[in-house]
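Participant: Just to be clear, the model below is a prediction. Sequence and coordinates:
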Amino acid sequence: MALSCSSLCSHLSLIRLCGLRTNIINNTIYSPYVSCQSSLPLCRHYSSSKVRRGVGRYVASKFQRANSKYEAFLKRRFPRFFQLYHTFVEGFKLLFQDAKAVLRIKAKMHSGVQHKDLPYREMEMLRQVRLLTENVHYAYTHRESFRRDMIKAVPLVVISIPPFANYLVFVLMYFFPRQLLIPYFWTPGQQVEFRGLYHSLRAQHHWPVLRGLESTSHKIKDAQLQSRLKDLCAKVQNGATPKVSEILAVRSLFSRPPLGIKRMSTHQMRHVSPLLFLTPRLPGFLIGRRLNSHALELLQLDRALSRLGPHQLSEAELKQACFVRGLNSSRLDANQCREWLSQWLQVSTSLKESEVSLLLHSIVFLSANYPNGSSRH
């Protein structure tokens, strides 16, 4: 992408000549009070700052023109390489846009706005930031773990600085996209593919969570609640999706031992954690604290989404919201996502903060068999 510099050099030479002539005039027989402006028409009309801005605009326009020709050449002769190149460029734009957005949100909170009062989209972005500051075991939640994404992006920036070194980035993007790159630099096809992969890792914990509930049900003294919980687990295991009313019928069990968020067994918590892409490889008390924190955050996020209204979300935002809450939304249409999210919000907005354990288990109840086992209510 080398630029032709002949025209640029001529401009710079003229500017340099202007400065040289000024020095000569000030040191000859002319009066020292004769200004540069009276002797040099160019300097009279253009200050040094204006000259610098003019040169900057000239260089930028030349670069943009050359870059446009380069992109057109790639698109015409190497379409697959152009897709990688375009993804790389657009990814950096999104990355820095999000960085600026996070700074604005933080400034708003420092001015006195509480987290629970933030709009849904700002709250969602901060949730992604928090995931990145922690030890997230699974790697993806849309624009996932923001700070970790930034750290991961630094090597890409560094190796792109030397001339033509950006081609090395494209090689990495082509051969190792999931391992080495962040979601900002994934193509749309890779986004869908990798989202399905990470959901499959999450789904491996669906049945262990249900088996843990069945095992725990024997400790429940209330026979009616025990029967309802067993029926709920059996319905999911048989391939159906329970109704919202059936889920809420057992809500009281999830606010006290043995299923409360702070009273669950460590074994059960280790299977629930991956549902939120959290690592289960921590001591039990730390897992409990993290689950409680993330569950409360998700509850606040649901309340903000309920205030906004799911119909206000774009299709991409709708699918992302479903994915975060446990549904593999890549192959679902917008109506299916909206229907599922409506069911989720009916459960979520009915719960108290002391019942957030049920919200986490609803990831399995509502998503394990949807849409094939969906049931209307």
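Facilitator: Structure received. Numbers count the residues shown, from 1 in each chain.
Participant: make it CA atoms for all contacts and neighbour counts henceforth
Facilitator: Noted.
Participant: Skipping adjacent residues, who's closest to residue 288 in space?
Facilitator: residue 262 (6.0 Å; CA to CA, 6 or more residues apart in numbering).
Participant: do residue 246 as well
Facilitator: Nearest in space to residue 246, with sequence neighbours left out and distances taken as CA to CA, 6+ apart, is residue 232 at 7.1 Å.
Participant: name the helices or strands packed onto the helix or strand where the one you found lies?
Facilitator: Element membership for residue 232, per DSSP states H and E: helix 223-237. Judged by 3 or more CA pairs under 8 Å, 6 or more residues apart in numbering; DSSP states H and E, the packing partners of helix 223-237 are helix 206-217, helix 244-248.
Participant: buried set for the shortest one?
Facilitator: So the one you mean is helix 244-248. 244, 247, 248 (16 or more other CA atoms under 10 Å).
Participant: Export those as JSON lines, with columns for distance to residue 256 and pLDDT.
Facilitator: Shown next, in JSON lines, are the buried residues of helix 244-248 (distance: CA to CA, whole Å; pLDDT from 0 to 100):
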{"residue": "244", "distance to residue 256": "21", "pLDDT": "97"}
{"residue": "247", "distance to residue 256": "16", "pLDDT": "97"}
{"residue": "248", "distance to residue 256": "15", "pLDDT": "97"}
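Participant: Between these, which sits nearest residue 339?
Facilitator: Using CA to CA, residue 244 comes nearest to residue 339 of the buried residues of helix 244-248, at 12.4 Å.
Participant: Could you check how far the closest one is from residue 224?
Facilitator: 18 Å (CA to CA, to the nearest Å).
Participant: mind checking which helix or strand residue 84 is in?
Facilitator: Going by DSSP H and E, residue 84 is part of helix 79-110.
Participant: Contacts only, for the closest residue in space to residue 249 that isn't next to it in sequence.
Facilitator: Distances taken as CA to CA, 6+ apart place residue 228 nearest to residue 249, at 7.6 Å, with adjacent residues excluded. Applying CA atoms under 8 Å, 6 or more residues apart in numbering, we find residue 228 in contact with 246, 249, 250.
Participant: How about the contacts made by the spatially closest residue to residue 329 that is not a sequence neighbour?
Facilitator: Take residue 329 and drop its neighbours on the chain: the residue closest to it by CA to CA, 6+ apart is residue 319, 5.4 Å away. Going by CA under 8 Å, 6+ apart, residue 319 touches 329, 330, 334, 337.
Participant: contacting residues around the third one?
Facilitator: Looking back up the chat, that one is residue 334. Applying CA under 8 Å, 6+ apart, one finds that residue 334 lies in contact with 315, 318, 319.
Participant: Poorly predicted segments of the stretch 101-250 of the chain, please.
Facilitator: 129-182 (pLDDT under 70).
Participant: hmm, back to that, show the buried residues in the contacts of residue 319.
Facilitator: Buried members of these, counted by 16+ other CA under 10 Å: 329, 330, 337.
Participant: now these in JSON lines, with pLDDT?
Facilitator: Listed next are the buried ones among the contacts of residue 319 as JSON lines, based on pLDDT from 0 to 100:
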{"residue": "329", "pLDDT": "91"}
{"residue": "330", "pLDDT": "87"}
{"residue": "337", "pLDDT": "96"}
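Participant: Any chance of those in TSV with secondary structure as columns?
Facilitator: Converted to TSV, those look like this (DSSP: H, G, I helix; E, B strand; the rest coil):
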residue	secondary structure
329	coil
330	coil
337	helix
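Participant: What is the nearest of these to residue 79?
Facilitator: Of the buried ones among the contacts of residue 319, the one sitting nearest to residue 79 (CA to CA) turns out to be residue 330, at 25.1 Å.
Participant: is it true that the closest one touches residue 196?
Facilitator: Yes: judged on CA atoms under 8 Å, residue 330 makes contact with residue 196 at a distance of 7.2 Å.
Participant: What helices and strands are in contact with the helix or strand that contains residue 286?
Facilitator: Element membership for residue 286 (DSSP H and E) is helix 284-308. Identification of packing neighbours for helix 284-308 by 3+ CA pairs under 8 Å, 6+ apart yields helix 120-133, helix 266-272, helix 334-348, helix 356-367.
Participant: tell me which residues in that helix are buried?
Facilitator: By 16+ other CA under 10 Å, the buried positions in helix 284-308 come out as 284, 287-288, 290-292, 294-306.
Participant: Could you do stretch 206-215 as well?
Facilitator: Applying 16+ other CA under 10 Å to stretch 206-215 flags 206, 207, 208, 209, 210, 211, 212, 213, 214 as buried.
Participant: Return the residues in contact with the nearest residue to the first one once chain neighbours are set aside.
Facilitator: The reference is to residue 206. Sequence neighbours aside, residue 364 is the residue nearest to residue 206 in space, at 5.8 Å (criterion: CA to CA, 6+ apart). Going by CA under 8 Å, 6+ apart, residue 364 touches 206, 209, 210, 326.
Participant: Next up, phi/psi of the last one, please.
Facilitator: By that I understand residue 326. For residue 326, the backbone dihedrals (degrees, to the nearest 10) come out as phi 110, psi 0.
Participant: Neighbours of it, how many?
Facilitator: Neighbour count of residue 326, defined by other CA atoms under 10 Å: 22.
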